[in-house]
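Engineer: Take a look and give me a structure for this.
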Amino acid sequence: MAGIGFSLKRLFSQKGVFSLCRAYGYAGIICAGPMILGVILLAGMSLAARLAGMDAHDRELLNCMITYCLLASLTVTSWFNMTVTRHISDMLYEEKTEKIMPSFYGSCSIMLVGSVK
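Structural biologist: Take a look at the predicted model:
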């Protein structure tokens, strides 16, 4: 996110009405982009289920299952993302790049073991 923040700061530092509108447009797309992709995913799955012949109740159940699965996976992975990205930024600052990939592999291994039944 730091790279995005630096780019947005550069856009907001430019003078003029059009550059300000452009900066707000980029900020809006960055903030709303994941939500828009989620809505597109759910609408696409609902359309595919309708074309497959599912009735309305089953489509709503499928929609709820996809929503809760995405919510649960984002909740679990966000804890790993917060800690690993903090660790990686510290290692980059200290110029210890050899410790970056082991932390990535470790977090991926823990999430993989946790996701397997």
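
Engineer: Can you list the buried residues in the lengthiest helix in the chain?
Structural biologist: Taking DSSP state H as the criterion, the chain has its longest helix at helix 56-93. Going by neighbour count (16 or more other C-beta atoms under 10 Å), the buried part of helix 56-93 is 59, 62, 80, 84, 87-88, 91. (Glycine included, C-beta is placed from N, CA and C.)

Engineer: what's the helix or strand containing residue 28 packed up against?
Structural biologist: Taking DSSP states H and E as the definition, residue 28 sits inside helix 17-52. On a contact count with 3 or more C-beta pairs under 8 Å, 6 or more residues apart in numbering; DSSP states H and E, helix 17-52 meets helix 2-13, helix 56-93.

Engineer: Quick one: those as TSV, columns for mean pLDDT too.
Structural biologist: Formatted as TSV, the entries for the helices and strands packed on helix 17-52 read as follows, by pLDDT from 0 to 100:
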stretch	mean pLDDT
helix 2-13	73
helix 56-93	88
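
Engineer: Same list, these, but as CSV with distance to residue 19 please.
Structural biologist: CSV is the format used below for the helices and strands packed on helix 17-52 (distance: least, C-beta to C-beta, whole Å):
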stretch, distance to residue 19
helix 2-13, 7
helix 56-93, 30
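
Engineer: For residue 31, which of the ones you listed is the nearest?
Structural biologist: When those are compared by C-beta to C-beta, helix 2-13 sits nearest residue 31, at 10.2 Å.
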